[in-house]
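Student: All I have is the shape, not the residue letters:
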């Protein structure tokens, strides 16, 4: 009797053990899902980074305004990308845009992880692209105008560009590569910021009658510095997360290392450049340089060797300083350097694939500097030109339409008093006497 | 010797400084102040509460001048600061008993420079 009982118990135990062991494929998928979700959380955290950089680089009297825009950007991107944006970006339709999957019903999942994990990751990217523009148009843009813009960019413009490149659209078909979004996210945001800045016009008092720029100092370098590190940290989700899987760890390690190297090189080269051109090592420019390096490496990060990441980031650091100085020279007022960081370096990073990319890592052709000829560079150039032209035209239309209806720019009185009071009725630093 | 005190709109400070420099007046002290006059205030809100703010930000200039510079100073300030809109500010002129330059110990007319 005891023996039968014992055997019976053993069989029961073996049976229950067997039922609890998941198969390896499921475990791998679970691991990949955790990876993508954690990366999504990091990219989400970049929103705080953007907020702090933008707030730190502008005056105290407009700080609540830009933080509100930054905040609503993510809320609206989250919803817009759920209702409409994801469908346009990843749905099946034509080479231009997707047409199925609205409200995520019947939505397509090109990844190996659960639909909603992939969606959250992509939604965070959308939020990042939208908030870039807040910086370029800071300190003189009406809040309702911004809300309208933000919704349109998250629901339409960004997803369309994303469809071309990541959603199986026409650029993807040509062999155009953009690993984590120098073109999709940063060029889109940067060009939109430039168009908006041009249409808005410079801040009151920014340029003297002889054209030279006045200092409009950021009110909090500490906030800005914090923001840059948060962005750098979040970028470890932005780039490595775009592998959408852990694999054997080789690729995510390469991408993470490339990301860091480019940021560091960009920071150093920007500091050197501004030291030479302006005479002092300006931290705000050095930090822009790190961001520029990050933006520039975002497209090539999975296709290049670490030495190339250093070069790409370093060049990005030089470009951002030259870009900032040039914009002021032509009286285009971009308070936080949104276009030099995201626009110029988004283009540079996209082209850099054509110079430094390695076909063994997944590209159609080797880059020019590795002996692969002009093929990849040509494709990259064509693609980024298309993105710039499309985003430029679309945003011009949107901003002009908003200007004709709701009005784009605040009144001069409000601009002087500050948008915090004017648009939101409150002060960012109640109780402090802030002198300009 | 007179001490001229002017309350002006903060955004006009650069224009006033330029007008003063053009009139050969280069020495001044600038402070940030709050004040009210005829200009209306604005509403501030925070989490449902509303307050009327009527102390507005202004900039105060204090300039010590010799008698022959009083009128040019006043005129320069008016030229730089006037916008025609309520809130342009006011200028006060007071008698200045003594002026001393700390570095050299000079007094009076010489010290004002």
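Tutor: Yep, it's here. This is a predicted model, so every value here is computed, not measured.
Student: Which elements pack onto the longest helix anywhere in chain A?
Tutor: Of all segments of type helix in chain A, defined using DSSP state H, the longest is helix A:24-57. For helix A:24-57, the elements it packs on are helix A:63-80, helix A:115-136, helix A:221-238, helix A:283-298, judged by 3 or more Cβ pairs under 8 Å, 6 or more residues apart in numbering or on different chains; DSSP states H and E. (Each C-beta comes from the backbone N, C-alpha and C, glycine too.)
Student: Could you say which of the ones you listed is packed most deeply?
Tutor: helix A:283-298 (a mean of 30; mean count of other Cβ atoms under 10 Å in any protein chain shown).
Student: Please enumerate the strands of chain B.
Tutor: Ranges of strands in chain B, per DSSP state E, are B:2-8, B:29-35, B:42-46, B:49-53, B:56-65, B:89-95.
Student: ditto for chain A
Tutor: Going by DSSP E, chain A shows no strands.
Student: For it, give me the ranges with low pLDDT.
Tutor: Along chain A, segments meeting pLDDT under 70 span A:8, A:11-20.
Student: Residue numbers of it in contact with chain B?
Tutor: Counting by Cβ under 8 Å from any Cβ of the partner chain, the residues of chain A close to chain B are A:205, A:416-417, A:421, A:425-427, A:430, A:433, A:435-436.
Student: Take these and write them to TSV, including distance to residue A:238.
Tutor: Below are the residues of chain A next to chain B laid out as TSV (distance: Cβ to Cβ, whole Å):
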residue	distance to residue A:238
A:205	36
A:416	38
A:417	37
A:421	35
A:425	35
A:426	33
A:427	34
A:430	35
A:433	40
A:435	38
A:436	35
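Student: Just the buried ones out of those, please.
Tutor: In these, burial by neighbour count holds for A:416-417, A:421, A:427, A:436, counting by 16 or more other Cβ atoms under 10 Å in any protein chain shown.
Student: Tell me which two of those residues sit farthest apart.
Tutor: Maximum pairwise distance in these, criterion Cβ to Cβ, is 14.9 Å, between A:416 and A:427.
Student: Okay, residue B:97 and residue A:325: tell me how far apart.
Tutor: 51 Å (Cβ to Cβ, to the nearest Å).
Student: When those two are compared, which one has more neighbours?
Tutor: In this view residue B:97 and residue A:325 are compared by other Cβ atoms under 10 Å in any protein chain shown, and residue A:325 has more residues nearby, 16 against 7.
Student: wait, doesn't the more buried one sit right on residue A:277?
Tutor: Yes - if you go by Cβ atoms under 8 Å, residue A:325 and residue A:277 touch, sitting 6.4 Å apart.
Student: quick one: the residue of chain A positioned farthest from its centre from residue A:7, how far?
Tutor: No residue in chain A sits farther from the centre than residue A:1, which is 70.2 Å out by Cα atoms, centre = their mean. As judged by Cβ to Cβ, residue A:1 and residue A:7 stand 11 Å apart.
Student: ok, residue B:67 - contacts?
Tutor: Residues near residue B:67 by Cβ atoms under 8 Å, 6 or more residues apart in numbering or on different chains: B:1-2.
Student: Residue B:59 contacts residue B:31, doesn't it?
Tutor: Yes - Residue B:59 is within contact range of residue B:31, at 7.4 Å (criterion: Cβ under 8 Å).
Student: Which one's more surrounded, these two?
Tutor: Using other Cβ under 10 Å, the more surrounded residue of residue B:59 and residue B:31 is residue B:59, with 22 against 11.
Student: List the contacts of the more buried one.
Tutor: The contact partners of residue B:59, taken as Cβ under 8 Å, 6+ apart, are B:7-10, B:12-13, B:30-33.
Student: By neighbour count, which of the residues you listed wins?
Tutor: Most surrounded of those: other Cβ under 10 Å gives residue B:8, at 25 neighbours.
Student: That residue is in contact with residue B:89, isn't it?
Tutor: Yes - in this structure residue B:8 lies within contact range of residue B:89 using Cβ under 8 Å: 4.3 Å.
Student: okay, and the common contacts of these two?
Tutor: Common neighbours of residue B:8 and residue B:89 (Cβ under 8 Å, 6+ apart) are B:58, B:81.
Student: next one: phi and psi at the residue lying farthest from the centre of chain B?
Tutor: The centre of chain B is farthest from one residue, residue B:48, which by Cα atoms, centre = their mean lies 36.9 Å away. Backbone torsions of residue B:48, given as degrees, to the nearest 10, read phi 100, psi -20.
Student: Which residues are in contact with the residue of the stretch 201-350 of chain A found nearest chain B?
Tutor: Using Cβ to the nearest Cβ, the closest approach of the stretch 201-350 of chain A to chain B is made by residue A:205 at 7.2 Å. For residue A:205, the contact set (Cβ under 8 Å, 6+ apart) comprises A:214, A:216, B:11, B:14.
Student: quick one on the thing from earlier: farthest-separated two in the residues of chain A next to chain B?
Tutor: A:205 and A:430 (24.9 Å).
Student: how close does residue A:349 get to residue A:300?
Tutor: 6 Å.
Student: where do the contact lists of those two overlap?
Tutor: Joint contacts of residue A:349 and residue A:300 (Cβ under 8 Å, 6+ apart) are A:182, A:312.
Student: I'd like to know which residues of chain B are adjacent to chain A.
Tutor: So chain B meets chain A at B:10-11, B:14, B:32, B:34, B:42-46 (Cβ under 8 Å from any Cβ).
Student: let's see 7 Å
Tutor: Contact residues (Cβ under 7 Å from any Cβ of the partner chain) of chain B with chain A: B:10-11, B:32, B:42-46.
Student: of the residues you listed, closest to residue A:238?
Tutor: residue B:46 (35.3 Å).
Student: biggest helix in chain B by residues?
Tutor: Chain B, longest helix under DSSP H: helix B:70-81.
Student: and the direction of the longest helix of chain A versus that of helix A:63-80, what angle?
Tutor: For helix A:24-57 against helix A:63-80, the angle by axes from the mean of the first three to the mean of the last three Cα atoms, to 10 degrees is 150 degrees.
Student: Can you check what angle separates helix A:24-57 from helix A:283-298?
Tutor: Using the same axes, to 10 degrees: helix A:24-57 against helix A:283-298 is 150 degrees.
Student: Mind listing what's buried along helix A:24-57?
Tutor: Here helix A:24-57 shows A:29, A:32-33, A:35-37, A:39-40, A:42-44, A:46-57 as buried, counting by 16+ other Cβ under 10 Å.
Student: first vs last residue of stretch B:2-18, how far apart are they?
Tutor: 21 Å (Cα to Cα, to the nearest Å).
Student: for stretch A:198-216, that is, sorry about that
Tutor: Terminal-residue distance, stretch A:198-216 (Cα to Cα): 18 Å.
Student: now stretch A:99-115
Tutor: 17 Å.
Student: next one: that stretch to chain centre, how far?
Tutor: Put simply, stretch A:99-115 sits 22 Å off its chain's centre (Cα atoms, centre = their mean, to the nearest Å).
Student: What lies in contact with that stretch?
Tutor: Residues from elsewhere that reach stretch A:99-115 (Cβ atoms under 7 Å, 6 or more residues apart in numbering or on different chains): A:29, A:32-33, A:36, A:82-84, A:86-87, A:90-93, A:118-119, A:244-245.
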